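Participant: Could you work out the structure for the sequence below:
(one chain, ligands or ions: 1)
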Amino acid sequence: MTKTAVITGSTSGIGLAIAKAFAKGGANIVLNGFGSADEIKQATDAVSALTSGTVLYHGADMTKPAEIADLIATATTRFGSVDILVNNAGIQYVEKVEDFPIEQWDRIIAINLSSSFHTIRAAIPGMKAKGWGRIINIASAHGLVASPFKAAYVAAKHGVLGLTKTVALEVAEDGITANSICPGYVLTPLVEKQIPDQARTRGITEQQVINDVMLKGQPTKKFITVEQVAALAVYLAGDDAAQITGTHVSMDGGWTAQ
Ligand code: NAD
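Facilitator: Next up, the predicted model:
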């Protein structure tokens, strides 16, 4: 039977790659995220070309609980259920904690942490009714360890791991799993945007940010690809992963082994 996957923040980067990977498996896909009308059309067309299922776009803003509830309600009404929920939308802001703007703290906690609570609470009743579901939260190596200047991001991602474990325990007997993926540095627009910011904050060149800051802690010295993260999400959504729940899987080139 055709599965339905909702992927938040899937107009770009990791989310778009995950949408494409589930599309290749023939799923109905609900895309979400910001972008110009052209970018959204391009993403929708690219994902539609890969699936025998149907692709919808929903523009819910992950800072707005009512819009998030509507995202899940729309997917459920259109396709009957949300089988796979991928909480991926995320933003970053880099600043010393004492100078960290309060509105950026609130925004990161809302998008990177609270939005997952809102999608999960809305999606679980349908998953329970079906006796099957997969919740995959895109956390980060920063869900496990910290870096300076990323107070809100690190706090939110640690929170995602706690939320994941709690949800997993609550639905363990319902055929539903909940897990986090903890990538290291993946080359996406989010990372690209951080390079000039970090150069400014640290007073070093952009090349030094790449070599000495970003990939310094990633022993493989290579960025992770969005396709590698997407392949792990597909695995976690499969029946072979039915006994993996309440945990995280790191894909960080050895970062957190140190
Ligand atoms: P990205 O900037 O390419 O994509 C982020 C997506 O989230 C976009 O589709 C954007 O439109 C969407 N988004 C942002 N704010 C939103 C909002 N308020 N409502 C709805 N959608 C919103 O970033 P990415 O690197 O692909 O990151 C995806 C996820 O992976 C994030 O949660 C990020 O923290 C996590 N992550 C990224 C890396 C990395 O190195 N890129 C590493 C670890 C974890």
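Participant: neighbours of the residue nearest to residue 17 when sequence neighbours are not counted, just the number please.
Facilitator: Counting by C-beta to C-beta, 6 or more residues apart in numbering, residue 226 is the residue found nearest to residue 17 once chain neighbours are left out, at 3.6 Å. Where you see a C-beta, it was placed from the backbone N, CA and C, and this is true even at glycine. Using other C-beta atoms under 10 Å, residue 226 is surrounded by 21 other residues.
Participant: Same question for residue 131.
Facilitator: 10.
Participant: Now do the contacts for residue 228.
Facilitator: residue 251 (C-beta atoms under 8 Å, 6 or more residues apart in numbering).
Participant: Phi, psi for it please.
Facilitator: With angles defined as degrees, to the nearest 10, residue 228 sits at phi -70, psi -40.
Participant: Check the gap between it and the ligand for me.
Facilitator: 12 Å (C-beta to the nearest ligand atom, to the nearest Å).
Participant: How confident was the prediction at the residue nearest to residue 17?
Facilitator: On the pLDDT scale, residue 226 is placed at 97.
Participant: Correct me if wrong: it contacts residue 188.
Facilitator: Yes. With contact defined as C-beta atoms under 8 Å, residue 226 and residue 188 form a contacting pair (6.3 Å).
Participant: Can you name the residues of this protein sitting close to the ligand?
Facilitator: 9-15, 32-35, 61-63, 88-91, 111-112, 138, 140, 183, 185-186, 188-191 (C-beta under 6 Å from any ligand atom).
Participant: all strands of the chain, in order?
Facilitator: For the chain, applying DSSP state E gives strands covering 4-7, 28-32, 55-58, 84-87, 133-138, 176-183, 247-251.
Participant: buried ones in stretch 38-57?
Facilitator: 40, 43-44, 47, 50-51, 53, 55-57 (16 or more other C-beta atoms under 10 Å).
Participant: Please apply the same query to stretch 158-178.
Facilitator: 158-161, 163-165, 167-168, 171, 176-178.
Participant: Stretch 118-137 too?
Facilitator: Across stretch 118-137, burial judged by 16+ other C-beta under 10 Å covers 118-120, 122-124, 126-127, 130, 132-137.
Participant: Contacts for that stretch next, please.
Facilitator: Here stretch 118-137 has contacts from 6, 8, 65, 68-69, 71-73, 76, 81-87, 116, 160, 163-164, 167, 171, 174-181, 233, 236-237, 241, using C-beta under 8 Å, 6+ apart.
Participant: try stretch 181-192
Facilitator: 12-14, 90-92, 136-141, 143-144, 161, 214-215, 217-218, 223-226, 229, 232-233, 236, 248-253, 255-256.
Participant: tell me which residues in it are buried?
Facilitator: 181-186, 188, 191.
Participant: Please compute how far it lies from its chain's middle.
Facilitator: Its chain's C-alpha centre and that of stretch 181-192 lie 10 Å apart, by C-alpha atoms, centre = their mean, to the nearest Å.
Participant: Could you dump the strands of the chain into a markdown table and include mean pLDDT?
Facilitator: A markdown table is the format used below for these (pLDDT from 0 to 100):
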| stretch | mean pLDDT |
| --- | --- |
| strand 4-7 | 98 |
| strand 28-32 | 98 |
| strand 55-58 | 98 |
| strand 84-87 | 99 |
| strand 133-138 | 99 |
| strand 176-183 | 99 |
| strand 247-251 | 98 |
